[in-house]
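Undergrad: Dropping the sequence and predicted coords here.
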Amino acid sequence: MTLQQLVYFLAVARTRHFTKAAELTRVAQPSLSKQIHSLEKELGAPLFSRARGNIALTPAGEALLPLAERILSDVDTARLEVQELVGLKQGRVRVGATPSLCVSLFADVLKRFHDSYPGIELIIQENGSRDLVNALLRGELDLALVISSVEGTGGALTNTPILRESLVVAAPADADVPTRRGNLRLTDLRERQLVMFREGYDLRETTMSACRDAGFHPRFAVQGGEMDAVLRLVEAGLGMAIVPSMVLAARPLLRGIPLAPPGMSRTITLAHRTDVAPTNAARAFRTALVDFLNQASLPEGVLLVDQRSTRVTT
């Protein structure tokens, strides 16, 4: 088995077409087909079914696909690691972050890192924690800032706690919301309409679980949004939402109402694959992130936590 055969295999798997795969990899179609046939012969099983001109992965192909993706991603990472030995004048770091971080302090961290290492290419993926964990396990990211309660599947991650942030009830700044000593109990939301995040979003699962524990099912005014959409809909007066306190810092049309003790909070961790050492660029990014957080004036409700790594086998 060769790396080039895996490249050809992935091209066919993604395009579902041998001619298009040959064009994508810049090789003659007969040569690509020959290499795929050699790979199938070596593995002892067909990787594609070719019934009536339709190309589909066989069970063997489905099993090989995630492994091939990870192998080629790791080879690319190794190549970049060697390039970085010239002193971080070139290279790449792929970082994922949740939308709540992307709309708050993450941009400042990226700016500081880019100023220090202008030759390092930054590739950013904004997504929910579960999707980011899966991207880490597939080798598509070097680092990701995720919620510590989210577990991945099919691999092992090392998590370093970074921040603990309070969750608050976001409401329009001019809304008349009765509180008790400036707080809301979770049960106060029983008769309130909420703006809810999309399915699979970690804040949706956190809110739903907390409401279930409090003995009620929340009422939705609208659901299905990402962070920016949810905040805008709350500003428009469609309902309230439970959000991280830091996302309200730049939202003058909103206010955050604390939840009565014990309240709700979550921990943000910096995660990477345990079986692959972070590249020099990824380690430099982690240092830039920690330095920034140690020096920054963090929003109310956001605290630094003890940054000790924990291995999470998933």
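TA: Arrived safely. Numbering: from 1, shown residues only.
Undergrad: Please give me every residue in contact with the residue positioned nearest the centre of the chain.
TA: By Cα atoms, centre = their mean, the chain has its centre lying nearest to Leu132, at 2.6 Å. For Leu132, the contact set (Cβ atoms under 8 Å, 6 or more residues apart in numbering) comprises Gly96, Ala97, Thr98, Gln125, Leu141, Ala144, Leu145, Val146, Ala271. Every residue, glycine included, has its C-beta placed from N, CA and C.
Undergrad: so where do the helices sit in the protein?
TA: Along the chain, the segments classed as helices by DSSP state H run 3-15, 18-25, 29-43, 59-83, 99-102, 106-116, 129-137, 202-213, 227-235, 280-295.
Undergrad: could I get those helices as TSV with mean pLDDT and distance to Ala249?
TA: Output for these, formatted as TSV (pLDDT from 0 to 100; distance: least, Cβ to Cβ, whole Å):
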stretch	mean pLDDT	distance to Ala249
helix 3-15	90	41
helix 18-25	89	44
helix 29-43	90	53
helix 59-83	82	35
helix 99-102	84	11
helix 106-116	89	12
helix 129-137	89	21
helix 202-213	91	17
helix 227-235	93	12
helix 280-295	87	15
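Undergrad: any idea how the chain splits into domains?
TA: Per automatic domain parsing, the structural domains of the chain span 3-67, 80-164+266-313, 165-265.
Undergrad: quick one, which of those is nearest to Ser73?
TA: domain 80-164+266-313 (3.2 Å; Cβ to Cβ).
Undergrad: just to revisit the earlier point, quick check: which of the helices of the chain is nearest to Arg164?
TA: With Cβ to Cβ as the criterion, Arg164 lies closest to helix 280-295 of those, at 11.7 Å.
Undergrad: wait, doesn't His217 sit right on Cys211?
TA: Yes. If you go by Cβ atoms under 8 Å, His217 and Cys211 touch, sitting 6.4 Å apart.
Undergrad: picking up where we left off before, the contacts of Leu132 in strands, which ones?
TA: In strands, judged by DSSP state E, the following of those are found: Gly96, Ala97, Gln125, Ala144, Leu145, Val146, Ala271.
Undergrad: So which of the residues you listed is the closest to Ala11?
TA: Gln125 (22.3 Å).
Undergrad: show me the contacts for the residue lying closest to the closest one once chain neighbours are set aside.
TA: Spatial nearest neighbour of Gln125, chain neighbours left out: Gly96 (4.2 Å); criterion: Cβ to Cβ, 6 or more residues apart in numbering. Residues in contact with Gly96, defined by Cβ under 8 Å, 6+ apart, are Ile124, Gln125, Glu126, Asn127, Leu132, Ala135, Leu136, Leu141, Leu143, Ala144, Leu145, Val146.
Undergrad: And Gly96, how far from Leu141?
TA: 5 Å (Cβ to Cβ, to the nearest Å).
Undergrad: And Gly237, by the same measure?
TA: 37 Å.
Undergrad: of the two, who's got more company?
TA: More neighbours surround Leu141 than the other of Gly237 and Leu141, with 26 against 13 (other Cβ atoms under 10 Å).
Undergrad: Please tell me the pLDDT value assigned to the residue lying closest to Ile55 once chain neighbours are set aside.
TA: Spatial nearest neighbour of Ile55, chain neighbours left out: Arg16 (4.5 Å); criterion: Cβ to Cβ, 6+ apart. In this model, Arg16 is scored at 90, pLDDT.
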